[in-house]
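K.L.:
sequence plus predicted model, see below.
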Amino acid sequence: MGVLGAQPDNAERYPLLRVSDGDTLVVQKKDGEELRVRFIGLDCLEVSRDDRLRRQAAKRDLTVSEAQLFGLKARVFVENSLSDGVVYLESGEPETDRYGRLRAYVWSSSGKLLNVELLARGLAFPDDYEKKPAYLPRYEEAARKAKRNGLGIWSRRKLPRI
């Protein structure tokens with residue numbers, strides 16, 4: 001495990017440059033270049049009012065304003081969780097997505113797996129395209145509890161138990 005927390009030994013430390021939204025951030029590589037990172041296994045709502053946000057809202061039976069609010073809450077949660085400016089990344093397979101972003105499990109200095117924390121707080125949906133993340137049992141339990149307790153994106157819905 002990592003020295004400062006419970007991140008795995010294979011997680012690499014990076015300086016955080018910015019949080020783009022709840023499931024995407026930008027870090028600085030050793031050569032000074034920027035690296036865009038996409039959280040594995042989840043999907044947060046967008047923060048910009050655009051066609052993507054409108055599609056997400058319609059798909060999730062939310063108003064555009066509700067969807068944007070949850071997107072902003074997810075981004076703020078990630079920013080606060082990484083307020084020390086350090087992030088630990090455990091890359092996945094495949095290593096990059098179709099946009100060239102590093103796919104990663106994102107750990108805070110305190111050892112929290114932010115991918116799971118976002119699901120647990122109802123700030124993200126499990127990603128339909130990610131069938132077997134390495135931490136699948138933790139993902140499923142976090143999402144199940146958030147739904148059952150009506151947290152975040154699940155707060156206005158009556159959903160069946162999973």
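P.N.:
Cool, got the structure. Residues are numbered from 1 along each chain as shown.

K.L.:
relative to Leu17, how far out is the residue sitting furthest away from the middle of the chain?
P.N.:
Among the C-alpha atoms of the chain, the one most distant from their mean position (Cα atoms, centre = their mean) is that of Asp31, at 25.5 Å. Computed as Cβ to Cβ, to the nearest Å, the Asp31 to Leu17 distance reads 14 Å. All C-beta spots, glycine's among them, are computed from the backbone N, C-alpha and C.

K.L.:
for the closest residue to Glu66 other than its chain neighbours, phi and psi?
P.N.:
Spatial nearest neighbour of Glu66, chain neighbours left out: Ala57 (7.0 Å); criterion: Cβ to Cβ, 6 or more residues apart in numbering. As for Ala57, its main-chain torsions (degrees, to the nearest 10) stand at phi -60, psi -50.

K.L.:
where does this structure dip in pLDDT?
P.N.:
1-5, 128-132, 156-162 (pLDDT under 70).

K.L.:
for the chain, which segments count as strands?
P.N.:
Per DSSP state E, the chain carries strands over the ranges 12-21, 24-28, 34-39, 42-43, 86-96, 102-107, 125-126.

K.L.:
those strands: which one's closest to Leu62?
P.N.:
Proximity to Leu62 (Cβ to Cβ) singles out strand 125-126 among those, at 11.0 Å.

K.L.:
can you point me to the longest helix in this protein?
P.N.:
Ordering each helix of the chain by length in residues (DSSP state H) puts helix 64-81 first.

K.L.:
can you give the distance of that one from its chain's centre?
P.N.:
On the basis of Cα atoms, centre = their mean, to the nearest Å, helix 64-81 sits 11 Å off its chain's mean C-alpha point.

K.L.:
could you do stretch 42-52 as well?
P.N.:
When C-alpha coordinates are averaged (Cα atoms, centre = their mean), stretch 42-52 and its chain have centres 12 Å apart.

K.L.:
mind listing residues that contact that stretch?
P.N.:
The contact list for stretch 42-52 (Cβ atoms under 8 Å, 6 or more residues apart in numbering) reads 21-23, 53, 56-57, 60, 62, 64, 67-68, 70-72, 74-75, 115, 118-119, 123-128, 130, 139, 153.

K.L.:
what's the first-to-last distance across that stretch?
P.N.:
Distances were taken as Cα to Cα, to the nearest Å; on that basis the terminal residues of stretch 42-52 are 16 Å apart.
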